[in-house]
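1. need the 3D shape of this:
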Amino acid sequence: MAAPRGSPAAGRINRRLTALTALVLGLCALGLLTVRATVDAPRGVLGIGLFVLALATTWYGLVRRGALHILGFAIGALLALALTVLLILADPPLALGVTLATALALAAGSHAFRIRVPLPPAPRPAHPVVFWNSRSGNGKAQRARLAEEARIRGIEPIELTSGASLAQLVRAALDAGADALAMAGGDGSQAIVARFAADRGLPYACIPAGTRNHFARDLGVDRNDVIGALDAFVDGGERIVDLGEVNGRTFVNNVSLGVYGVAVQRAGYRNAKVRTVLETVPTSLGTGEPSRLRWRSPDGLEHEGGAAIVVSNNAYRLGHVMGDGTRPRLDEGLLGVTAISVPGDEPGMRTWTTSVYEVDGQDPVPAGVDGEAVTFDPPLSFRIRHGALRCRIARRHPGASPSAFLPVGAWAAIRTLVAIAAGRDPRPVPGGRATGPHGPRT
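-> The predicted structure follows:
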């Protein structure tokens with residue numbers, strides 16, 4: 001009897017078939033090159049070598065950061081170009097076959113790494129409340145008729161109108177008996193509501209009605225399903241995640257200092273973010289504004305300056321096409337720190353993790369907190385609130401970050417595909433445990 005479409009069993013079968021397809025197509029490409037090697041040994045062996053090296057270096061670049069990310073891609077592209085030229089000169093139909101098989105194998109492999117994870121079932125709250133901002137995301141919540149859909153699900157909608165205080169609205173809702181909180185808006189608003197939920201130990205749901213919805217993405221909420229996210233309070237599962245805090249202010253994503261911190265203070269930033277940041281760079285570095293920052297690197301050395309310092313709620317995975325700028329985990333209890341040096345200091349980008357961090361300065365420090373303009377009196381003291389937030393996520397949403405199950409290294413990717421194809425699915429759940437062949441739903 002066939003498994004129903006959309007069921008966990010059907011998802012596992014689909015995942016195994018996708019992984020198997022990726023492996024078969026990769027072997028086909030390698031097989032075509034091997035056949036060529038039997039006809040023209042020197043060129044054939046060279047082609048196989050170029051093929052293997054191109055795949056390895058490209059994947060290495062995909063999962064690395066900064067300069068290594070660019071270098072891996074550049075070398076992989078050059079090797080792939082050399083292989084293509086070699087094959088076209090020797091056998092154009094073979095070149096087409098190898099290129100097509102390789103492209104399809106990479107696409108199938110990428111699909112096989114897309115995951116859904118199991119979340120422990122959670123009881124439905126008696127009086128859930130969703131706060132929504134009709135202006136966020138160019139009116140995304142209003143277009144989706146969020147208020148009406150919330151009422152259908154037994155969720156009380158409260159609109160954040162112009163001039164209203166979100167914190168005051170949340171306090172009033174809690175005083176009226178709210179036992180679960182949700183926010184449909186940008187990440188800055190998400191942080192405010194999440195803090196109240198964490199402080200009271202209440203369930204919280206992130207509704208992706210903002211512009212970019214970075215927190216929703218890393219939680220495993222489908223950013224294209226605003227209304228479906230409300231089902232987190234109907235039959236959703238629950239996962240426990242961390243929150244960041246700087247000088248008593250909660251953040252769900254990150255705090256940016258330096259050039260970006262100055263840029264978000266400027267009028268017009270919302271309408272022209274890239275242009276404003278580019279205009280800020282020469283002004284900030286020329287006047288020495290970021291150089292007023294004092295910070296320590298992991299080796300304990302003190303530095304003064306920094307074109308940009310980003311402190312995040314758990315570490316970002318940088319330099320990967322499929323998971324670029326995402327956080328694989330939100331429950332490791334660590335801040336991620338990235339510091340980019342200014343001219344005159346040791347060049348480059350440093351990244352590390354820590355549970356607490358401090359940045360000092362001589363004057364008030366402009367910052368971007370989850371994209372919102374804030375100014376802090378130094379020093380800035382960062383800490384992680386480990387396991388502070390009970391997040392509810394709709395069952396049909398992924399439940400984990402896009403980079404949560406992304407292997408690091410070409411051989412690791414191949415071994416993982418083999419395991420999936422064999423029915424031994426080693427996917428991690430948000431708590432970090434690996435699953436067996438009949439573990440999470442897919």
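2. can we go C-alpha only for contacts and neighbour counts from here?
-> Noted.
3. wait, residue 113 sits on residue 401?
-> No. Contact status for residue 113 versus residue 401: not in contact, 11.3 Å apart, counting by Cα atoms under 8 Å.
4. just checking: what are the partner strands of the strand ranked longest in the chain?
-> If you go by DSSP state E, the chain has its longest strand at strand 380-393. Strand pairing for strand 380-393, using DSSP bridges, gives strand 203-207 (parallel), strand 237-246 (antiparallel), strand 356-359 (antiparallel).
5. may I see the ones you listed organised as TSV, with mean neighbour count added?
-> Formatted as TSV, the strands paired with strand 380-393 follow (neighbours: other Cα atoms under 10 Å):
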stretch	mean neighbour count
strand 203-207	30
strand 237-246	24
strand 356-359	16
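6. closest to residue 420 out of those strands?
-> When the strands paired with strand 380-393 are compared for distance to residue 420 using Cα to Cα, the nearest one is strand 237-246, at 24.4 Å.
7. please export the C-alpha coordinates of that closest one as PDB.
-> This file holds the C-alpha atoms of strand 237-246, laid out as PDB (Å, rounded to 0.1, in the frame of the first residue of the first chain):
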ATOM      1  CA  GLY A 237       5.200  21.700  18.000                       C
ATOM      2  CA  GLU A 238       7.600  23.400  20.400                       C
ATOM      3  CA  ARG A 239      11.300  24.000  20.400                       C
ATOM      4  CA  ILE A 240      13.400  25.900  23.000                       C
ATOM      5  CA  VAL A 241      15.800  28.700  21.700                       C
ATOM      6  CA  ASP A 242      18.100  31.400  23.000                       C
ATOM      7  CA  LEU A 243      17.800  35.100  23.100                       C
ATOM      8  CA  GLY A 244      20.500  37.700  23.000                       C
ATOM      9  CA  GLU A 245      20.700  40.700  25.300                       C
ATOM     10  CA  VAL A 246      22.700  43.900  25.200                       C
END
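8. what average pLDDT does that strand get?
-> Across strand 237-246, the average pLDDT comes to 97.
9. beyond it, next helix or strand please.
-> strand 249-251 (DSSP states H and E).
10. which helices and strands does the following helix or strand past that following strand pack with?
-> Sequence-wise, the next helix or strand downstream of strand 249-251 (DSSP H and E) is strand 254-258. Other helices and strands packing on strand 254-258, by 3 or more Cα pairs under 8 Å, 6 or more residues apart in numbering; DSSP states H and E, are strand 308-313, strand 365-369.
11. and among those, the most buried is which?
-> Using mean count of other Cα atoms under 10 Å, the stretch among the helices and strands packed on strand 254-258 with the largest mean neighbour count is strand 308-313, at a mean of 26.
12. coming back round to it: need the strands paired with strand 380-393 in JSON lines (columns: distance to residue 302).
-> Output for the strands paired with strand 380-393, formatted as JSON lines (distance: least, Cα to Cα, whole Å):
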{"stretch": "strand 203-207", "distance to residue 302": "38"}
{"stretch": "strand 237-246", "distance to residue 302": "20"}
{"stretch": "strand 356-359", "distance to residue 302": "10"}
